[in-house]
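Q: what follows is a predicted protein model with its sequence.
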Amino acid sequence: MTPFTLSIMLLGLGLGTTITFISSHWLLAWMGLEINTLAIIPLMTMQHHPRATEAATKYFLTQATAAAMLLFASTSNAWLSGQWCIQQMTHPIPTTLITLALALKIGLAPMHAWLPEVLQGLNLTTGLILSTWQKLAPFALLLQVEQTNPPLTILLGITSMLVGGWAGLNQTQLRKILAYSSIAHLGWMLMVIQFSPSLTLLTLLLYFIMTSSTFLTFKLNNSTNINSLALSWAKTPMLTSITPFILLSLAGLPPLTGFMPKWLILQELTKQELAPTATLAALSALLSLYFYLRLTYAMTLTISPNNLTGTTPWRLPSKQLTLPLATSATATILLLPLSPTILTLLTP
């Protein structure tokens, strides 16, 4: 792909998300989502590999289905209530349909099956865009839609957390593990979206930071499965010593940044007198912790048999840009002490 075409596609991604952000009319929001989908498909097929083509096809069909559901639900709402405004969804049936359509778009369980398969067919850079930027527009709509069916969002959240934890246990491909990690994190966000939208936004932002540092770490090491992580020490010894903190932050362990959103969400659920839900959420985090610990073990405590030339890559100059990784890794590990300040900003 030429730099000009790549620039056009990236501008299309930004334009689609921006249109959805600024829209108050469902047709305009739908148009932004469609531009977003059409802009990322050429980026997915940049490799000219059958696996990438398959992933792009699956992604297109899923997103087209979700967009058709969204258009049908918004048209039904206009028919029933005479309103096209996003923030004036009054009828429960179109609202439920739109919530399910947006859940399909971002890959929430039980509409999650496409996400690991699509992510597995992409390179790590495009996978990073799919796991972060592509979540912004649907979440902007989810935050604006007034939830008339609270049990639905809680059920989707719990299902996503449990599926993301259980299904990630037996995976060996890093991109599939990150896909199930994404599903579990999205479940945390959706569970609290009706009680504290600002907390959902905070969790989404921190998830972006943590996921970016993880993807960039694997990209720098050129790792795509668990076994290849054992070679990390020969390529980037310093990064290998920091990566366990990044992975455990994704798992939500104190005193790392990832503990903050989980702690605040559990606190909010307890305030809403949803103690059983909070307990189930906390237990589901243990499932995710297991496969993050697997990655940590493979990276730091196993050594692949190497010849002498295999132990020298770290001495050679790297051409990859490391500033984004350094910034995101620092934020992933060290932001927890800012919790009081963030709590002050979240309090109305």
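A: Structure received.
Q: quickly list the domain ranges of this protein.
A: 1-108, 149-348 (automatic domain parsing).
Q: got these as CSV, with mean neighbour count, mean pLDDT and distance to residue 139 columns?
A: Placement of C-beta: from N, CA and C, glycine included. Below are the domains of the chain laid out as CSV (neighbours: other Cβ atoms under 10 Å; pLDDT from 0 to 100; distance: least, Cβ to Cβ, whole Å):
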stretch, mean neighbour count, mean pLDDT, distance to residue 139
domain 1-108, 17, 93, 7
domain 149-348, 18, 89, 6
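Q: turn the ones you listed into TSV, including distance to residue 136.
A: Shown next, in TSV, are these (distance: least, Cβ to Cβ, whole Å):
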stretch	distance to residue 136
domain 1-108	5
domain 149-348	8
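Q: and residue 135, which of those domains is closest to it?
A: Nearest of the domains of the chain to residue 135, taken as Cβ to Cβ: domain 1-108 at 5.3 Å.
Q: so how far is that closest one off the chain centroid?
A: 16 Å (Cα atoms, centre = their mean, to the nearest Å).
Q: end to end on that domain, go ahead and measure it.
A: Start-to-end span of domain 1-108 (Cα to Cα, to the nearest Å) is 32 Å.
Q: can you give me the helices for the stretch 51-200 of the chain?
A: Assigned by DSSP state H, counting those that start in this stretch, the stretch 51-200 of the chain shows helices spanning 92-106, 114-120, 124-131, 136-144, 150-167, 174-192, 197-221.
Q: just to revisit the earlier point, which of the domains of the chain sits closest to residue 142?
A: Closest among these, using Cβ to Cβ: domain 1-108, at 5.3 Å.
Q: give me the contacts around stretch 329-343.
A: Stretch 329-343 has contacts (Cβ atoms under 8 Å, 6 or more residues apart in numbering) with 202, 206, 209-210, 213, 217, 242, 245-246, 249-250, 254-260, 263-264.
Q: can you lay out the helices of the stretch 51-200 of the chain as CSV showing distance to residue 288?
A: Formatted as CSV, these follow (distance: least, Cβ to Cβ, whole Å):
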stretch, distance to residue 288
helix 92-106, 18
helix 114-120, 14
helix 124-131, 15
helix 136-144, 20
helix 150-167, 5
helix 174-192, 5
helix 197-221, 12
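Q: residues contacting residue 287?
A: Taking Cβ under 8 Å, 6+ apart, we find residue 287 in contact with 162, 164-166, 168-169, 184.
Q: please repeat the previous calculation with a cut-off of 7 Å.
A: Going by Cβ atoms under 7 Å, 6 or more residues apart in numbering, residue 287 touches 165-166, 169.
Q: OK, contacts around residue 56?
A: Contacts of residue 56 by Cβ under 7 Å, 6+ apart are 41, 44-45.
Q: so where do the strands sit in this structure?
A: For the chain, applying DSSP state E gives no strands.
Q: just the contacts of residue 56 now: which is nearest residue 234?
A: For the contacts of residue 56, the closest approach to residue 234 (Cβ to Cβ) belongs to residue 44, at 31.0 Å.
Q: ok, now which ones touch that closest one?
A: Counting by Cβ under 7 Å, 6+ apart, residue 44 has contacts 52, 55-56, 59, 122, 126.
Q: which one of those residues is nearest residue 92?
A: residue 59 (30.1 Å).
Q: just to check, residue 24 is in contact with residue 85?
A: Yes: using Cβ atoms under 7 Å, residue 24 makes contact with residue 85 at a distance of 5.7 Å.
Q: wait, residue 81 sits on residue 90?
A: Yes: Residue 81 is within contact range of residue 90, at 5.0 Å (criterion: Cβ under 7 Å).
Q: and the contacts of residue 44 as JSON lines, adding distance to residue 107?
A: Below are those laid out as JSON lines (distance: Cβ to Cβ, whole Å):
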{"residue": "52", "distance to residue 107": "18"}
{"residue": "55", "distance to residue 107": "13"}
{"residue": "56", "distance to residue 107": "16"}
{"residue": "59", "distance to residue 107": "10"}
{"residue": "122", "distance to residue 107": "14"}
{"residue": "126", "distance to residue 107": "15"}
